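Dropping the sequence and predicted coords here.
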Amino acid sequence: MKFLVDAHLPPGLCAALQAAGHDAVHTRQLPAHNATSDDTINTLSMAEQRVVITKDTDFYYSHLQRGEPWKLLLVRTGNIRARDLTTLVERHLPAIIAALQHNSLVELDRQSVQVVT
């Protein structure tokens, strides 16, 4: 699966996803780096069929209203250390992948992975 990790999340999350065999890009790697606009992230997500991973609820609303980004993993953990977030994603990665196979909007909190319908 292909992922695009938003600026508010640690770049180390990409390394964890790549180690699990996925294609992952952080906004720091894009031409505008962490200043990449939401529209550009949505366009890239749609063009490359990338799942956007973010804490930014603007993506949640754009996904509900316009179907952009292509797929979305919304992180709803509140404040969390980068290392703890990476560990949380690694622990739930099989459930995240399974949920994203057939759904376009998935939420991750400190306890679980939930499909939003």
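Nice, I can see it.

May I have the residues that are in contact with His92?
Under the criterion of C-beta atoms under 8 Å, 6 or more residues apart in numbering, the contact partners of His92 comprise 108, 112-113. Backbone N, C-alpha and C define where each C-beta goes, glycine included.

Count the neighbours of the residue nearest to Met46 when sequence neighbours are not counted for me.
Nearest residue to Met46, sequence neighbours excluded (C-beta to C-beta, 6 or more residues apart in numbering): Trp70, at 5.1 Å. Each residue near Trp70 was counted by other C-beta atoms under 10 Å, and the total is 19.

For this protein, which residues score under the pLDDT cut-off?
Across the chain, not a single residue meets the criterion (pLDDT under 70).

longest helix in it, by residue count?
Taking DSSP state H as the criterion, the chain has its longest helix at helix 82-102.

Give me the buried positions along it.
Within helix 82-102, the residues that qualify as buried by neighbour count (16 or more other C-beta atoms under 10 Å) are 85-86, 88-89, 92-93, 96, 99-100.

Just the CA trace of that helix, in PDB.
Taking C-alpha atoms only, helix 82-102 is exported to PDB below (Å, rounded to 0.1, in the frame of the first residue of the first chain):
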ATOM      1  CA  ALA A  82       6.600  10.400  18.000                       C
ATOM      2  CA  ARG A  83       8.100   7.100  19.100                       C
ATOM      3  CA  ASP A  84       4.800   6.100  20.800                       C
ATOM      4  CA  LEU A  85       2.800   7.000  17.700                       C
ATOM      5  CA  THR A  86       5.100   4.900  15.500                       C
ATOM      6  CA  THR A  87       4.800   2.000  17.900                       C
ATOM      7  CA  LEU A  88       1.000   2.300  17.900                       C
ATOM      8  CA  VAL A  89       0.900   2.300  14.100                       C
ATOM      9  CA  GLU A  90       3.200  -0.700  13.900                       C
ATOM     10  CA  ARG A  91       1.000  -2.600  16.400                       C
ATOM     11  CA  HIS A  92      -2.200  -1.900  14.600                       C
ATOM     12  CA  LEU A  93      -0.800  -2.000  11.000                       C
ATOM     13  CA  PRO A  94      -2.400  -5.300  10.100                       C
ATOM     14  CA  ALA A  95      -5.800  -4.000  11.100                       C
ATOM     15  CA  ILE A  96      -5.200  -0.700   9.400                       C
ATOM     16  CA  ILE A  97      -4.300  -2.400   6.100                       C
ATOM     17  CA  ALA A  98      -7.300  -4.700   6.400                       C
ATOM     18  CA  ALA A  99      -9.600  -1.800   7.000                       C
ATOM     19  CA  LEU A 100      -8.200   0.300   4.100                       C
ATOM     20  CA  GLN A 101      -8.500  -2.600   1.700                       C
ATOM     21  CA  HIS A 102     -12.300  -2.100   1.500                       C
END
